[in-house]
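J.: Using only what follows, build the 3D model:
(chains A and B)
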There are 2 protein chains.
Amino acid sequence: MDQQQLIECHERIKPFIHRTPVLTSRLINGMAEALLFFKCENFQRMGAFKMRGAANAIMQLTDEQKQNGVVTHSSGNFAQALSLAAQGLGVKAYIVMPNSAPQVKKDAVRGYGGKVIECEPNLQAREKASKEIMAQYGATFIHPSNDDQVILGQGTACMELLEDHPNLDYVVTPVGGGGLLAGTALAAHYFGNACKTIAGEPFEVDDAYRSLQSGKIETNQTTHTIADGLKTQLGDRNFPIIQKYVDAIVRVTEDEIISAMRIIWERLKIVCEPSSAVALAAVLKDKSKFQGKKIGIIISGGNVDLGRLPFNR
Amino acid sequence: MDQQQLIECHERIKPFIHRTPVLTSRLINGMAEALLFFKCENFQRMGAFKMRGAANAIMQLTDEQKQNGVVTHSSGNFAQALSLAAQGLGVKAYIVMPNSAPQVKKDAVRGYGGKVIECEPNLQAREKASKEIMAQYGATFIHPSNDDQVILGQGTACMELLEDHPNLDYVVTPVGGGGLLAGTALAAHYFGNACKTIAGEPFEVDDAYRSLQSGKIETNQTTHTIADGLKTQLGDRNFPIIQKYVDAIVRVTEDEIISAMRIIWERLKIVCEPSSAVALAAVLKDKSKFQGKKIGIIISGGNVDLGRLPFNR
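T.: Just a heads-up that it's a prediction; the model follows:
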């Protein structure tokens, strides 16, 4: 994937996405002893960067493919993103979700015009249901993170950030499935001025960290993290990009994630997901590395259950 | 107070305030069946519109007055605003606070360079302490809301909103002490295009509503509202302006406030105070009045205790 593909992707999806703002805070800069620029994808349509990749992936289909619809399996933001992007493009979206997914998430998908197909909450059931939809409707499967067009789409957030702030030393994202991290690393490579890409990852789901160490895609045995968007694993499309272009992965504890999330809510006055706070947690953890630097942080999303917040009295 | 005074005030305070963004949400517009423009003073310095009035009031003092410092009584946002504005202008700020005020609020004032003077939590003790500071240091008392220079300063948020969106039919604010409402009403009168000013007020502290009815300043016997910024009462400087220029005050229940607050947090992805949600609650309550209209809503502030949120599971 090259510079030109990123530029074309960005032009293509512009009518379907918001140009999200970049916020700063003197108080957070003081804490970090660095200059931090928060790219607020929590303000993106449907509340997360996933809208970018979903829109691009659908737009790259042939007319015949579009007529037959798209299918994915996700209980998170990609389910809503694919539904909303498909709705805007007049394409049918089938979303395979575990029957254990919260009602509010199923309702959100339906609210954006997606058709929910429920399955048992395990990998086999999910893949079986997806294949049935593909066979029955001829729908095209679009993976939430391990897809070239999705990766390009996710990279456009960093492109915009670098347009606004061209001389960043670092750009930091969370890593889950790896789509945002791979896209960001490509964008930082092609459009940055020696801008390095760093990821934050919870210790509890440190498969990406271990994958970089071992040189092959590792999995998580357990996924006990509050950062529920980061429980997925890398894939064969994004892992090579991450290996080539990502400078480091910084692991953080659950307490560090909650503490960073609280700083973002209290100081930036914005609502972000726990997953989004992982990037700031990484910067605050490895302070000496980032001291005095200009750092872009991608706030990945803002879809959070307000009835289940982790803040103590 | 006239148009020219508002323009001069805005120019004067610009170096000390943020030009805050205006956010919109398709989903909230759909709910309200109107076009809503949220002026985000939660992103203002120290987290609330109060910074505007505090900066203006201090800047209008004589050099001798500035040398002797300023004093106010407040346990809320004005305490922080006066401290931060004074710090930026090299002026000493004495803040009289009830000894029952939360430690975090005292710490915030001190963090902005204010000197906290504690007193018993009642009106007499508060006024006695303020008078002692005035006598001892020659400090000038600045009232949080009933002060012409404060009123002008608060009006600049609406001026900016009308610069960005000149054809608003309504601008809606919460009303507590009346500084924001009076300033907004002046700005809407002088800079709007037949733009009417409306206030939202909790039923539990509906002194402003009753004052407009009776034609004299009424008080609250009890103040059992979650909108803790709105417990104060009108004064002789802002009440005449409110009488002359405010179109209506819409009263809302505590449930309506919490529900509107949740909509703001979930849909706009921003952190606002309960007091800020009162304006949206008023618009959603009186839907037929606002249907199809362009409505500016001032999100007054974002300083909230994340450990004590009103959202149920």
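
J.: contacts, neighbours, all on C-alpha from now
T.: Noted.

J.: What residues sit buried inside stretch A:120-127?
T.: A:Ala125, A:Arg126 (16 or more other CA atoms under 10 Å in any protein chain shown).

J.: right, I mislabeled it, should have said stretch A:102-120
T.: Of the residues in stretch A:102-120, A:105-106, A:108-110, A:112-119 count as buried by neighbour count, 16+ other CA under 10 Å.

J.: Residues contacting that stretch, please?
T.: A:75-76, A:79-80, A:82-84, A:87, A:92-100, A:125-126, A:129 (CA atoms under 8 Å, 6 or more residues apart in numbering or on different chains).

J.: quick one: which of those sit in strands?
T.: A:Ala93, A:Tyr94, A:Ile95, A:Val96, A:Met97, A:Pro98 (DSSP state E).

J.: Kindly reformat the residues you listed as a markdown table and extend each row with neighbour count and pLDDT.
T.: Shown next, in a markdown table, are those (neighbours: other CA atoms under 10 Å in any protein chain shown; pLDDT from 0 to 100):
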| residue | neighbour count | pLDDT |
| --- | --- | --- |
| A:Ala93 | 31 | 98 |
| A:Tyr94 | 28 | 98 |
| A:Ile95 | 28 | 98 |
| A:Val96 | 24 | 97 |
| A:Met97 | 26 | 96 |
| A:Pro98 | 21 | 92 |
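
J.: ok, of the residues you listed, which one's closest to chain B?
T.: The closest of the ones in strands among the contacts of stretch A:102-120 to chain B turns out to be A:Ala93 (CA to the nearest CA; 20.5 Å).

J.: how about the closest one, what does it touch?
T.: A:Gly69, A:Val70, A:Val71, A:Leu82, A:Ser83, A:Ala86, A:Gln87, A:Gly113, A:Gly114, A:Lys115.

J.: following the biggest helix by length in chain A, which helix or strand comes up?
T.: Ordering each helix of chain A by length in residues (DSSP state H) puts helix A:148-164 first. Per DSSP states H and E, helix A:148-164 leads on to strand A:170-174 as the next helix or strand towards the C-terminus.

J.: mind exporting that following strand as CSV, just the C-alpha atoms?
T.: C-alpha atoms of strand A:170-174 as CSV (Å, rounded to 0.1, in the frame of the first residue of the first chain):
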residue,chain,number,x,y,z
TYR,A,170,5.3,10.5,17.4
VAL,A,171,1.8,9.3,16.7
VAL,A,172,0.3,6.9,19.3
THR,A,173,-2.7,4.7,18.9
PRO,A,174,-4.2,1.7,20.8
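
J.: Give me the contacts around the helix or strand just after that strand.
T.: Next in sequence after strand A:170-174, counting helices and strands by DSSP H and E, comes helix A:179-191. Residues outside helix A:179-191 that contact it (CA under 8 Å, 6+ apart): A:1-3, A:6, A:144-147, A:150-159, A:162, A:171, A:173-175, A:194-197, A:199, A:238-239, A:241-242, A:245-246.

J.: hang on, the earlier thing: so which elements touch the longest helix of chain A?
T.: Helices and strands touching helix A:148-164, by 3 or more CA pairs under 8 Å, 6 or more residues apart in numbering or on different chains; DSSP states H and E, are helix A:3-13, helix A:50-59, helix A:179-191, strand A:294-299.

J.: Please export the C-alpha coordinates of the longest one as PDB.
T.: Same thing as helix A:179-191. In PDB, the C-alpha atoms belonging to helix A:179-191 read as follows (Å, rounded to 0.1, in the frame of the first residue of the first chain):
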ATOM      1  CA  GLY A 179      -6.300  -2.000  11.500                       C
ATOM      2  CA  LEU A 180      -5.900   1.400  13.100                       C
ATOM      3  CA  LEU A 181      -2.300   0.800  14.000                       C
ATOM      4  CA  ALA A 182      -1.300  -0.400  10.500                       C
ATOM      5  CA  GLY A 183      -3.100   2.400   8.700                       C
ATOM      6  CA  THR A 184      -1.600   5.000  11.100                       C
ATOM      7  CA  ALA A 185       1.900   3.600  10.700                       C
ATOM      8  CA  LEU A 186       1.500   3.800   6.900                       C
ATOM      9  CA  ALA A 187       0.200   7.400   7.100                       C
ATOM     10  CA  ALA A 188       3.000   8.400   9.500                       C
ATOM     11  CA  HIS A 189       5.600   6.800   7.200                       C
ATOM     12  CA  TYR A 190       4.300   8.500   4.000                       C
ATOM     13  CA  PHE A 191       3.100  11.900   5.300                       C
END
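
J.: tilt between it and strand A:294-299?
T.: Orientation note: helix A:179-191 sits at an angle of 150 degrees relative to strand A:294-299 (axes from the mean of the first three to the mean of the last three CA atoms, to 10 degrees).

J.: pLDDT on helix A:179-191, on average?
T.: Mean pLDDT, computed over helix A:179-191, is 98.

J.: are any of the contacts of helix A:179-191 buried, and which?
T.: For those, buried by 16+ other CA under 10 Å: A:6, A:144-147, A:150-159, A:162, A:171, A:173-175, A:195-197, A:199, A:238-239, A:241-242, A:245-246.

J.: What lies in contact with stretch A:65-75?
T.: A:58, A:79, A:82, A:86, A:91-98, A:101, A:105, A:126-127, A:130, A:133-134, A:137-144.

J.: What about those residues, which are in helices?
T.: Going by DSSP H, the helices hold A:Ile58, A:Ala79, A:Leu82, A:Ala86, A:Lys105, A:Arg126, A:Glu127, A:Ser130, A:Ile133, A:Met134, A:Tyr137 from the contacts of stretch A:65-75.

J.: give me the element A:Phe38 is part of.
T.: Going by DSSP H and E, A:Phe38 is in strand A:35-40.

J.: Mind checking if that strand is in reach of chain B?
T.: No: figure legend: strand A:35-40 not in contact with chain B (CA under 8 Å from any CA of the partner chain); closest approach 9.9 Å.

J.: quick check: angle from that strand to helix A:148-164?
T.: 130 degrees.

J.: Restrict strand A:35-40 to CA atoms and write it as CSV.
T.: Output of strand A:35-40 as CSV, limited to C-alpha atoms (Å, rounded to 0.1, in the frame of the first residue of the first chain):
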residue,chain,number,x,y,z
LEU,A,35,3.0,18.6,23.6
LEU,A,36,0.1,16.4,23.0
PHE,A,37,-2.4,16.7,20.1
PHE,A,38,-5.6,14.6,20.5
LYS,A,39,-7.3,13.6,17.2
CYS,A,40,-10.9,13.2,18.3
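
J.: can you list the residues of the stretch 151-300 of chain A near chain B?
T.: Contact residues (CA under 8 Å from any CA) of the stretch 151-300 of chain A with chain B: A:Arg262, A:Trp265, A:Glu266, A:Leu268, A:Lys269, A:Ile270, A:Val271, A:Cys272.

J.: For the last one, grab phi and psi.
T.: The phi/psi pair for A:Cys272 (degrees, to the nearest 10) reads phi -130, psi 160.

J.: isn't it right up against A:Asn303?
T.: Yes: contact status for A:Cys272 versus A:Asn303: in contact at 6.9 Å, counting by CA atoms under 8 Å.

J.: Give me the common contacts of the two.
T.: A:Asn42.

J.: Pull the contacting residues for the residue lying closest to A:Met134 once chain neighbours are set aside.
T.: With CA to CA, 6 or more residues apart in numbering or on different chains as the criterion, A:Met134 has its nearest non-adjacent residue at 6.4 Å, and that residue is A:Thr140. Contacts for A:Thr140 (CA under 8 Å, 6+ apart) come out as A:Gln65, A:Asn68, A:Gly69, A:Val70, A:Val71, A:Met134.
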